[in-house]
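# Quick one: sequence and predicted model below, then my questions.
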Amino acid sequence: MNPRRLLPLLGLFLLLAGAYYVLDWYQAKKSRDQEEANKVFRLKEEEISQILLKREGQEIRLVKEGGDWHLTQPLTERADGVTLSSLLSTLAHLRPDRDLGEQQDLKTFGLEAPSLVLSFKAGEQSHTLALGRKTPGEQGYYARRDEDRRVLVISSSSKESLDRPLSALRDRSVFDFFPDKVKSFKVKRGDILWDLEKTDKGWRWKGRESVKIHAERVERLLRYLSLARVKEFAADSPKDLRPYGLAPPALELTVVTEKGEQALFLGARKKEECYARRGAKGPVFLVEDLLLDFFTSPLESVAGLKSNPQWAHLRGTFPQYLEDRRLWPGEVAKVACFTWGPPGKTWTASKDKDFYQLSGPEQKQLRQPAVRVELALLKLRDLEGEHLGPAASPLPAATYVVDLKDAEGKLLFRLEETGQKTGQSGQVEVNFTLGEEAPKRAVISQEAYRQWQKDLEQLTSPPPS
């Protein structure tokens, strides 16, 4: 086709494409404008700086200071960020389900003496939302904006989001810190103090610097504490702390960051919860008793952890379970070749991008997704034992071997089950070697070790189709 004939067609195409783009933009803008016009209040949630909730016999005031919300009446304390975020979002995006128009008799709708009056300030403007009785069928609530005599109907879910009791507005975070900002973590039980300090190389136990600390577990514990929430407030200004087991407390936790110290006192148990208090002042509240169990009970006996894969395999009480007693603390990403099994009947997995090529007895060949093999390596890294010092020389014959090598064929880790009697029920004796270090002896949990071997057996089965 003659190029000159194409030019008019190209021009027409560009004109139509431009018209389509403009029309699409206009329709989207029109839709946004219509949505904005349908809102009860035309504002953005970040513009709201003050809120007053008035019910019969109660007023709750909230003020935004910086980026945080605070209660100023009837209590003076931080407000709950999650609850406030929901309330503000509902208020800023509130749309009526119906507009009943102007009504002379507001009493009919429960708006002459509303059950809730929500007043707030957004920028330089002040607004009020009054909520009345339920609509017939109880699908919504009557509402009134400012001094407008028009009666609106809002959804029940919107009403529930706005009509928050004081207990829901109170800050329910037990701690206020980011785990990666913690400088030290202290646990006091009676006269015993455990003091863990973060250094450039990880965590160290003050007074017992020779004990190697499992940094991942300390940080996992701190993440749990940072997410802990108040279950229920018990007493705002208790005169006697003894009924709550807080005089003296059963346990004291202290987190230190750049902003200072945060202390939590834990007291008596109440069913599956326990009493707690932030520092020496403030309200007494209930938290899940797992907070107490982490520091006072053997982890294997804590029911709440048995279904949690991050904690289920851990044994012992605090701080023993924070000791790094792993046989292999290496990095899974560095493993290029993985061999396991009884001598003469071993399997070898060699990494090839997103897969491992497996070679086994009788020239068996198999491919497995890398994620399956690496999951087994992660479980190997979780195996812990009691280190017993240097291995015997010469090394006894092995009944089961595990070898990990890097891409250059260098040994990263070797484990050899010796079949030696340990004298301890439920334990298996092994020799292990890290890189070029001399072999060492250890005893490990027979249950955990045999379960890991079963996981390896599953690797020699074809992946599910």
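Okay, I see it.

# Just the helices from the stretch 151-300 of the chain, written as ranges.
Counting by DSSP state H, counting those that start in this stretch, the stretch 151-300 of the chain has these helices, from start to end: 156-162, 166-169, 215-227, 290-296.

# so of the ones you listed, which one's packed in deepest?
Neighbour counts (mean count of other Cβ atoms under 10 Å) averaged over each of the helices of the stretch 151-300 of the chain peak at helix 290-296, with a mean of 20. C-betas here are computed from N, CA, C, even on glycine.

# helices or strands up against the next helix or strand after it?
Moving toward the C-terminus from helix 290-296, the next helix or strand (DSSP states H and E) is strand 337-341. Other helices and strands packing on strand 337-341, by 3 or more Cβ pairs under 8 Å, 6 or more residues apart in numbering; DSSP states H and E, are strand 347-352, strand 400-405.

# Not counting sequence-adjacent ones, nearest residue to residue 246?
Distances taken as Cβ to Cβ, 6 or more residues apart in numbering place residue 267 nearest to residue 246, at 4.0 Å, with adjacent residues excluded.

# Next, count neighbours for residue 164.
Using other Cβ atoms under 10 Å, residue 164 is surrounded by 21 other residues.

# isn't it right up against residue 53?
Yes. Taking contacts as Cβ atoms under 8 Å, residue 164 lies within contact range of residue 53: 7.3 Å.

# quick one on the thing from earlier: quick one: the residue nearest to residue 246 and residue 250 touch, right?
Yes. Look at residue 267 against residue 250 with Cβ under 8 Å: they come within range, at 5.7 Å.

# Pick the most buried one from the helices and strands packed on strand 337-341.
Comparing the helices and strands packed on strand 337-341 by mean count of other Cβ under 10 Å gives strand 400-405 as most buried, with a mean of 20.

# CA atoms only for that one, dumped as CSV, please.
Listed next in CSV are the C-alpha coordinates belonging to strand 400-405 (Å, rounded to 0.1, in the frame of the first residue of the first chain):
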residue,chain,number,x,y,z
TYR,A,400,23.5,-42.5,58.4
VAL,A,401,25.3,-39.5,56.8
VAL,A,402,24.3,-36.0,55.7
ASP,A,403,26.6,-33.8,53.6
LEU,A,404,26.1,-30.2,52.5
LYS,A,405,28.4,-28.6,49.9
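
# and the very next helix or strand once past that strand, which residues are buried?
Downstream of strand 400-405, the next assigned helix or strand under DSSP H and E is strand 411-417. Neighbour-count burial for strand 411-417 flags 412, 413, 414, 415, 416, 417 (criterion: 16 or more other Cβ atoms under 10 Å).

# now strand 411-417: mean pLDDT?
In this model, strand 411-417 carries a mean pLDDT of 96.

# Output the contacting helices and strands for it.
On a contact count with 3+ Cβ pairs under 8 Å, 6+ apart, strand 411-417 meets strand 400-405, strand 427-434.

# and these as CSV, adding mean pLDDT and distance to residue 169?
Listed next are the helices and strands packed on strand 411-417 as CSV, based on pLDDT from 0 to 100; distance: least, Cβ to Cβ, whole Å:
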stretch, mean pLDDT, distance to residue 169
strand 400-405, 96, 54
strand 427-434, 93, 54
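
# Next, format the ones you listed as a markdown table and append distance to residue 276.
Shown next, in a markdown table, are those (distance: least, Cβ to Cβ, whole Å):
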| stretch | distance to residue 276 |
| --- | --- |
| strand 400-405 | 44 |
| strand 427-434 | 38 |
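
# quick one, what contacts the residue nearest to residue 246?
By Cβ atoms under 8 Å, 6 or more residues apart in numbering, residue 267 lies in contact with 241, 244, 245, 246, 249, 250, 274, 275, 276, 277.

# who wins for most neighbours among these?
residue 276 (30 neighbours).

# Check the spacing between that residue and residue 326 real quick.
Look at residue 276 and residue 326: by Cβ to Cβ, to the nearest Å, they are 33 Å apart.

# Residue 139 now?
Residue 139 sits 58 Å away from residue 326, going by Cβ to Cβ.

# More neighbours: those two, which one.
residue 326 (17 against 11).

# Just the pLDDT for the closest residue to that one other than its chain neighbours.
Nearest residue to residue 326, sequence neighbours excluded (Cβ to Cβ, 6+ apart): residue 384, at 5.5 Å. With respect to pLDDT, residue 384 scores 89.

# ok, now residue 6?
The model reports residue 6 with a pLDDT of 58.

# Repeat that for residue 239.
92.

# Adjust the sequence numbering to begin at 51 for everything that follows.
Yep, numbering from 51; the last one is residue 289 now.

# rewinding a little: can you give me the neighbour number for the residue nearest to residue 376?
Other residues lying near residue 434 total 21 when counted by other Cβ under 10 Å.

# what about residue 150, how many neighbours?
13.

# OK, contacts around it?
So residue 150 contacts 192, 200, 201, 202, 203 (Cβ under 8 Å, 6+ apart).

# quick check, it in a strand?
Yes. Counting by DSSP: H, G, I helix; E, B strand; the rest coil, residue 150 is part of a strand.

# quick one: it and residue 140, what's the gap?
21 Å.

# just residue 317 next, same as before
Distance of residue 317 to residue 140, given as Cβ to Cβ: 37 Å.
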